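[1] 3D, please:
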Amino acid sequence: MRNPPNETRSNPLDRTSHRKCILTGESFPPEQLVRLAMGPDGQIAPDVRAKAPGRGAWISVDRAALDTALAKGQLKGALSRAFKTGQLDIPDNLTEQLEKALKRATLDRLGLEARGGTLLTGSEKIETAARRDELFMLLHASDAGRDGSSKLAQAWRVGSDREGEDLHGITLPVDRQGLSVALGRQNVVHIGITDRRAAERVSHMLARWIRFMGSDEIPDAAEEKVA
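    Numbering: from 1, shown residues only. This is a model prediction of the structure:
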């Protein structure tokens, strides 16, 4: 199957199509990649929501690899080919901008799910839902206590009849203060997601962020409830 070209305004993003990473040449579904957009003045900027107008270029590498590609001029060469121009303005802190954008998009997603009523906060509520087999995803703040996290994970394993499995939930790269601000609630240490589609939406956003940071703890089917 021939890889589709990068999209333009006349050829909008098709979520069912794969996109090719301009640095590795590998193809992935769009939700596993990060889009870079070029502004009218040639400035390159992250477009993690893939909504900016005009032509886009896609990358699949983590921050360390992107830093290397930026320092060696490989990124500029790949972008010049993708955008068919050498008149590019690539900010020196592009990788930092990208990481912040991925973090913001993930926290915004959690905030939307909170307002939509698809997630729970508070250990007692989460534990009750876990024992009733109502959880699809379990998240912990980076500064959550080990005992509290383990207790909720154990309740989830019992409730979903998965005793003996390495099911522990996902520790987010953000502390309780950051989660509290994102969700508009006080002292958010743990999050339980009670809707399958919401868990999928959060998983996609979180996986891109964690993958870009180079972490091995990437959400997958093992961390979500099986039907």
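
[2] Just the mean pLDDT for stretch 26-45, thanks.
    Averaged over stretch 26-45, pLDDT sits at 92.

[3] i'd like the first residue to be 47 from this point on
    In the new count, where the first residue is 47, that last one comes out as stretch 72-91.

[4] what separates it from the chain centre, distance-wise?
    Mean-position distance between stretch 72-91 and its chain equals 15 Å (Cα atoms, centre = their mean, to the nearest Å).

[5] what's in contact with it?
    49, 59, 61, 63-67, 92-94, 96, 98, 100-106, 125, 129, 131, 133-137, 140, 143-144, 148, 250, 253-254, 257-258 (Cβ atoms under 8 Å, 6 or more residues apart in numbering). Yep, even glycine has a C-beta here, placed from its N, CA and C like the rest.

[6] Quick one: buried ones out of those residues?
    64-67, 92-94, 96, 98, 101-106, 125, 129, 134, 136, 140, 144, 148, 250, 253-254, 257-258 (16 or more other Cβ atoms under 10 Å).

[7] Now, the residues you listed that are in helices?
    Among the buried ones among the contacts of stretch 72-91, the ones falling in helices (DSSP state H) are 125, 129, 140, 144, 148, 250, 253-254, 257-258.

[8] want to throw these into CSV with distance to V204 and pLDDT?
    CSV is the format used below for those (distance: Cβ to Cβ, whole Å; pLDDT from 0 to 100):
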residue, distance to V204, pLDDT
L125, 51, 97
F129, 53, 94
L140, 46, 96
L144, 40, 96
L148, 34, 96
H250, 28, 91
A253, 26, 92
R254, 31, 92
R257, 30, 91
F258, 34, 93
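
[9] Looking at those, spot the one nearest L198.
    Using Cβ to Cβ, A253 is the member of these that lies nearest L198, at 21.1 Å.

[10] where's that closest one relative to E173, distance?
    Distance of A253 to E173, given as Cβ to Cβ, to the nearest Å: 26 Å.

[11] Can you check what pLDDT the model gives the residue lying closest to I68 once chain neighbours are set aside?
    Sequence neighbours aside, A124 is the residue nearest to I68 in space, at 4.1 Å (criterion: Cβ to Cβ, 6 or more residues apart in numbering). In this prediction, A124 carries a pLDDT score of 97.

[12] Distance check, A124 against A253.
    From A124 to A253 the distance is 23 Å (Cβ to Cβ).

[13] G238 belongs to a strand, doesn't it?
    Yes - assigned with DSSP: H, G, I helix; E, B strand; the rest coil, G238 falls within a strand.

[14] and it, bridged to which residues?
    L166, L184 (DSSP bridges).
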